[in-house]
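**Q** compute the structure for the input listed below.
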Amino acid sequence: MNDVPYWGEICALLSPLAWSIAVILFRKTGEQVSPLVLNFFKSVVALLGFGALLVVTGEMAPEGVDGGDYALLLFSGLVGVGLADLFFFMCLNRVGAGRQAIVNTAYSPPIILLSWLLLGERLTVWQLVGVGLILVAVLLVGKTKGAAGENVVAGVLWGVAACVSQAISIVMVKPFLDDWPVVWTTFWRMLGGVIGTTTMLAFARAENRQLGQLRQPAVWRVMLPATLIGSLLSQWLWMAGFKYADASVAAALNQTATLFTFVLAVLILHEPVNRRRLAGLACGMGGVALVTFLGARG
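**A** You can find the predicted model right below:
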């Protein structure tokens, strides 16, 4: 597919659309299933899905891949799936889909910074301005008073932790993505995520590892499609976007999930809209627009 014009950018744009739909479904599931159990379930299902895709596509390990490369992929998955997605669910449960969408704009700054420091990608003045607007957006969303405000602040911090973890996980494998098949790469990252979630589940407190929550048929009707859309389709598109486009560009396009999720949260979940949230959305999307469309200019 690398001969299709702007294929990487197309994948990086479709990924957040699929993810936004999944977020709405995950939000409903989170009312009945703990973040750790939900992350374990969706990671296992995604691993099985990518295992099936691996058989269908026949993708094999590239020449020259050694034990160190497998270890890198597993660690990337442990951080990007095991930790980042757990932090994401903890954020989603505390602040809701609309607020989480704005907090998720914090995903671009660490990707851009790490791409500049480790991958040698260009850092421009417009990117710095965009990062500043994104930080303002996060601060606006997290500014809430009272006991409820403390819960929101905790959710925002978990959301930022998710963004940083995700950034670290993708930048560490970005130099190899040009040579590694997407499905094969994603399968091994997912395996790392499953290893991570299984380990955390084994050592978690009893109230956080109630696997009996997965026996509820009503939960499956929402959780399974959420997992297939968010952890299989969106994950594949996400990896393809990073494979065929610059990391900083792919990261910025991924941020359209903010707009998609915010709108769906209002229309489907009926989450409230106020001036602060709209201001945060405007700053976040403005920052992403600067990074995406003006980041390549000095």
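
**Q** and the helices in the stretch 101-250 of the chain, which stretches?
**A** With DSSP state H, counting those that start in this stretch as the criterion, the stretch 101-250 of the chain has helices at 108-118, 125-142, 146-171, 182-203, 217-227, 234-244, 247-254.

**Q** contacts made by the shortest one with the rest, please.
**A** Under the criterion CB atoms under 8 Å, 6 or more residues apart in numbering, residues 8-9, 12-13, 15-16, 107-108, 111-112, 115, 119, 121, 127, 167, 170-171, 174, 238, 241-242, 245, 288, 291-292, 295-296 lie in contact with helix 247-254. For every residue, glycine as well, the C-beta is placed using N, CA and C.

**Q** for the helices of the stretch 101-250 of the chain, which one ends up most surrounded?
**A** When the helices of the stretch 101-250 of the chain are scored by mean count of other CB atoms under 10 Å, the highest mean neighbour count falls to helix 247-254 (a mean of 26).

**Q** can I get the CA coordinates of it in PDB?
**A** Provided in PDB are the C-alpha atoms of helix 247-254 (Å, rounded to 0.1, in the frame of the first residue of the first chain):
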ATOM      1  CA  ALA A 247       5.700  10.200  13.300                       C
ATOM      2  CA  SER A 248       4.900  13.800  14.000                       C
ATOM      3  CA  VAL A 249       2.400  14.000  11.100                       C
ATOM      4  CA  ALA A 250       0.700  10.800  12.000                       C
ATOM      5  CA  ALA A 251       0.400  11.800  15.700                       C
ATOM      6  CA  ALA A 252      -1.200  15.100  14.700                       C
ATOM      7  CA  LEU A 253      -3.700  13.500  12.400                       C
ATOM      8  CA  ASN A 254      -4.600  11.000  15.100                       C
END
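
**Q** mean confidence score for the helix or strand immediately after it in the chain?
**A** Moving toward the C-terminus from helix 247-254, the next helix or strand (DSSP states H and E) is helix 257-267. Summarised as a single mean, pLDDT over helix 257-267 is 86.

**Q** who's in contact with helix 257-267?
**A** Outside helix 257-267, the residues touching it (CB under 8 Å, 6+ apart) are 15-17, 19-21, 23-24, 27, 96-98, 100-102, 104-105, 271, 273, 277, 281, 284-285, 288.

**Q** do the same with stretch 168-185
**A** For stretch 168-185, the surrounding residues in contact (CB under 8 Å, 6+ apart) are 50, 53-54, 57, 59-62, 65, 69, 72-73, 75-77, 79-81, 84, 110-111, 114-115, 118-119, 189, 236, 239-240, 242-243, 247.

**Q** same check on stretch 44-51?
**A** 81, 183, 186-187, 190-191, 193-194, 224, 227-228, 231-232, 235-236.

**Q** which elements pack onto the helix or strand where Met285 lies?
**A** Following DSSP H and E, one finds Met285 within helix 275-293. When contacts are defined as 3 or more CB pairs under 8 Å, 6 or more residues apart in numbering; DSSP states H and E, helix 275-293 packs onto helix 84-103, helix 108-118, helix 125-142, helix 247-254, helix 257-267.

**Q** could you rerun that using 6 Å?
**A** Under the contact criterion of 3 or more CB pairs under 6 Å, 6 or more residues apart in numbering; DSSP states H and E, helix 275-293 touches helix 84-103, helix 125-142, helix 247-254, helix 257-267.

**Q** would you turn those helices into JSON lines with distance to Ala46?
**A** Listed next are these as JSON lines, based on distance: least, CB to CB, whole Å:
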{"stretch": "helix 84-103", "distance to Ala46": "10"}
{"stretch": "helix 125-142", "distance to Ala46": "28"}
{"stretch": "helix 247-254", "distance to Ala46": "18"}
{"stretch": "helix 257-267", "distance to Ala46": "18"}
